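Engineer: Predicted model and sequence follow; I will ask about them next.
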Amino acid sequence: MQDAASRLKNLFEQLSGEPLPVRLRAWDGSTAGPPEAPALVVRNRRALRRLLWKPGELGLARAWVAGDLGVEGDLYAVLDLVAAHVWERDEDARSLGRALRDPEVRAAVTGLLKLAGPAVLVPPAPPREEVRSRHRHTRRTDRRAVSHHYDVGNDFYELVLGPSMVYSCAYWPAPDATLEAAQHDKLDLVCRKLALVPGTRLLDVGCGWGSLAVHAAREYGVQVVGVTLSQEQAAYARKRVAEEGLTDRVEIRVQDYRDVLDGPYDAISSIGMAEHVGADRYLEYARDLYRLLAPGGRLLNHQIARRPQHDESAYSLDGFIDAYVFPDGELAPIGTTVTQLERAGFEVRDVESLREHYALTLRAWVARLEAGWVRAVALVGPGRARVWRLYMAACALGFERNRLGVNQVLAVRPPEGGASGLPLRARTWGA
């Protein structure tokens, strides 16, 4: 009888019709596949059961989170090699059902069932897997989703993000710059695009741990209101504000942006927050920000984008990210975002892609996580630490391969006369 790794290799090639791109190491110590390639380690038969019950990305993710799957060698290389077979193909139960009409595929699945063990029981999902709500993007479900992602523990985020505590794409002056320098440059870029000056009233929607609020108040002398749905973020941000002596300039609220009623503001920043809004609510989000902004005021919307699909109605949430990372998070193409902002009344004045910058940022975060792995596991447990390592590494490749993008959209609420208030050559961002 063949060893487990050889049987898995043969089954993979039968199902995919392509050579196995990585080396396999199985629970019985056997190996198969290209000897020079990094290895995917199948630690037990339970990994196969997870794939049988949830074919495709979610099954693989559950096996990874539970520790049933691992990697020997470069994680990025393994993810890059398997992407075409998982993320870009995304086999689910329906597509597998269609494939089972092929006798050879049926035979391969029968072989997988035998290899998985005499009784193929449904393995329980690893801890902290979110069940999708039927009513997404209500105030209650948004609070729950934000808490799932952000109320992990500020110590863990400090380990991953570093002292800046900025959880969005940095702005790199050069690939070999430090993460702290790149995050400082991003915060300053946002302030300059918004033309902040002393006395400006800024609303920071989704203020996180207060990094932009502190920077804007300290460096530009503005009055800031930051809103977040995370209790842990708010507590951390308020402590920072107090330590900086900025309590007279910065107010941090635990508040839904839809409940902010004390406009108008001269400027609004929304950095890495709009991904939580959802397609059905996006126009409402844009109109709420338009309502809160004074005529002539600027909005800086910094948001991850996906590539457009031929059939946009077929878009579905990423199974792994929805279950373990960002429950109910939705991405839209940049064209859709610009259209919705303009439908709300904004004039979009500038769109800047920072795609390569986010790949560099994510790789820096992964490096910090891996360097502090023992402490990360002690803080959040092995499952959640694995989630973050996989999520950030896969996203880094997504940005590098142009499957994902991130854009800063600068928009203006035009006054009655139509003047934008921007200089003729705005890209210097000096005014």
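Structural biologist: Looks like it came in fine. Numbers count the residues shown, from 1 in each chain.
Engineer: CA only for contacts and neighbour counts going forward, please
Structural biologist: Noted.
Engineer: And residue 238, its phi and psi?
Structural biologist: With angles defined as degrees, to the nearest 10, residue 238 sits at phi -60, psi -40.
Engineer: per-residue confidence at it?
Structural biologist: We have a pLDDT of 98 for residue 238.
Engineer: who touches residue 197 in this structure?
Structural biologist: Counting by CA atoms under 8 Å, 6 or more residues apart in numbering, residue 197 touches 220-222.
Engineer: Surely residue 366 and residue 389 touch.
Structural biologist: Yes. Assessed by CA atoms under 8 Å, residue 366 is found in contact with residue 389 at 6.2 Å.
Engineer: Just name the shakiest helix or strand of this protein by mean pLDDT.
Structural biologist: Ranking every helix and strand in the chain by mean pLDDT, DSSP states H and E puts helix 93-99 at the bottom, with a mean of 53.
Engineer: I'd like the average pLDDT over whatever helix or strand comes next after it.
Structural biologist: Downstream of helix 93-99, the next assigned helix or strand under DSSP states H and E is helix 103-116. Here helix 103-116 scores 75 as its mean pLDDT.
Engineer: tell me which residues of stretch 347-361 are tucked away?
Structural biologist: 347-348, 351, 353-361 (16 or more other CA atoms under 10 Å).
Engineer: The longest strand seen in the chain packs against which elements?
Structural biologist: Scanning the chain for the strand with the most residues, using DSSP state E, yields strand 293-306. Contacts defined by 3 or more CA pairs under 8 Å, 6 or more residues apart in numbering; DSSP states H and E place strand 293-306 against strand 265-271, strand 404-412.
Engineer: what lines up beside the last one in the sheet?
Structural biologist: Taking DSSP bridges as the criterion, strand 404-412 sits next to strand 293-306 (antiparallel), strand 347-353 (antiparallel) in its sheet.
Engineer: ok, residues contacting the first one?
Structural biologist: Under the criterion CA under 8 Å, 6+ apart, residues 190, 193-194, 263-275, 331-334, 403-416, 419-421 lie in contact with strand 293-306.
Engineer: now the following helix or strand past it, how far from the centre of its chain.
Structural biologist: From strand 293-306 onward toward the C-terminus, using DSSP H and E, the following helix or strand is helix 319-324. Distance of helix 319-324 from its chain centroid, counting by CA atoms, centre = their mean, to the nearest Å, is 10 Å.
Engineer: What helices and strands are in contact with the helix or strand following helix 319-324?
Structural biologist: Counting by DSSP H and E, the next helix or strand C-terminal to helix 319-324 is helix 334-343. Contact here means 3+ CA pairs under 8 Å, 6+ apart; on that basis helix 334-343 packs against helix 282-292, strand 347-353.
Engineer: One more pass at 10 Å, please.
Structural biologist: Counting contacts by 3 or more CA pairs under 10 Å, 6 or more residues apart in numbering; DSSP states H and E, helix 334-343 is packed against helix 282-292, strand 293-306, strand 347-353, strand 404-412.
Engineer: for these, which one sits closest to residue 61?
Structural biologist: strand 404-412 (19.3 Å; CA to CA).
Engineer: and the angle from that closest one to helix 334-343?
Structural biologist: Here strand 404-412 runs at an angle of 20 degrees relative to helix 334-343 (axes from the mean of the first three to the mean of the last three CA atoms, to 10 degrees).
Engineer: Strand 404-412: which residues count as buried?
Structural biologist: 404-412.
Engineer: If any of the contacts of strand 293-306 are buried, put those into a PyMOL selection.
Structural biologist: Buried subset of the contacts of strand 293-306, written as a PyMOL selection, criterion 16+ other CA under 10 Å:
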select buried, resi 190+193+194+264+265+266+267+268+269+270+271+272+273+274+275+331+332+333+334+404+405+406+407+408+409+410+411+412+413+414+420
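Engineer: I'd like to know how many residues surround residue 36.
Structural biologist: Close neighbours of residue 36, defined as other CA atoms under 10 Å, add up to 8.
Engineer: before we move on, what about residue 189?
Structural biologist: Under the neighbour criterion other CA under 10 Å, residue 189 is assigned a count of 15.
Engineer: which ones are touching residue 289?
Structural biologist: Listed by CA atoms under 10 Å, 6 or more residues apart in numbering, the contact set of residue 289 reads 203, 205, 257-258, 260, 263-265, 267-270, 283, 299, 341, 344, 346, 413.
Engineer: Check the gap between it and residue 340 for me.
Structural biologist: Distance of residue 289 to residue 340, given as CA to CA, to the nearest Å: 12 Å.
Engineer: ditto for residue 11
Structural biologist: 46 Å.
Engineer: ok, now residue 32?
Structural biologist: Per CA to CA, residue 32 is found 51 Å from residue 340.
Engineer: Which strand residues bridge residue 306?
Structural biologist: residue 404.
Engineer: Name the nearest residue to residue 212, sequence neighbours excluded.
Structural biologist: With sequence-adjacent residues excluded and distances taken as CA to CA, 6 or more residues apart in numbering, residue 212 is closest to residue 187, at 5.9 Å.
Engineer: And for that neighbour, the neighbour number?
Structural biologist: Residues near residue 187, counting by other CA under 10 Å: 20.
Engineer: ditto for residue 246
Structural biologist: Look at residue 246: counted by other CA under 10 Å, it has 19 neighbours.
Engineer: wait, isn't it in contact with residue 214?
Structural biologist: Yes. If you go by CA atoms under 10 Å, residue 246 and residue 214 touch, sitting 7.5 Å apart.
Engineer: which one is residue 152 nearest to, not counting chain neighbours?
Structural biologist: Nearest non-adjacent residue to residue 152, counting by CA to CA, 6+ apart: residue 380, 7.2 Å away.
Engineer: show me the residues around that neighbour that make contact.
Structural biologist: 152-153, 155-156, 386.
Engineer: Please report how far it lies from residue 156.
Structural biologist: Residue 380 is 7 Å from residue 156, by CA to CA.
Engineer: Out of the helices and strands packed on helix 334-343, which is closest to residue 66?
Structural biologist: Taking CA to CA, strand 404-412 is the member of the helices and strands packed on helix 334-343 nearest to residue 66, at 26.7 Å.
Engineer: coming back round to it: in TSV: the helices and strands packed on strand 293-306, plus mean pLDDT.
Structural biologist: Listed next are the helices and strands packed on strand 293-306 as TSV, based on pLDDT from 0 to 100:
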stretch	mean pLDDT
strand 265-271	98
strand 404-412	98
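Engineer: closest to residue 52 out of those?
Structural biologist: strand 404-412 (28.6 Å).
Engineer: Confirm residue 366 sits in a strand?
Structural biologist: No. Going by DSSP: H, G, I helix; E, B strand; the rest coil, the assignment for residue 366 is helix, not a strand.
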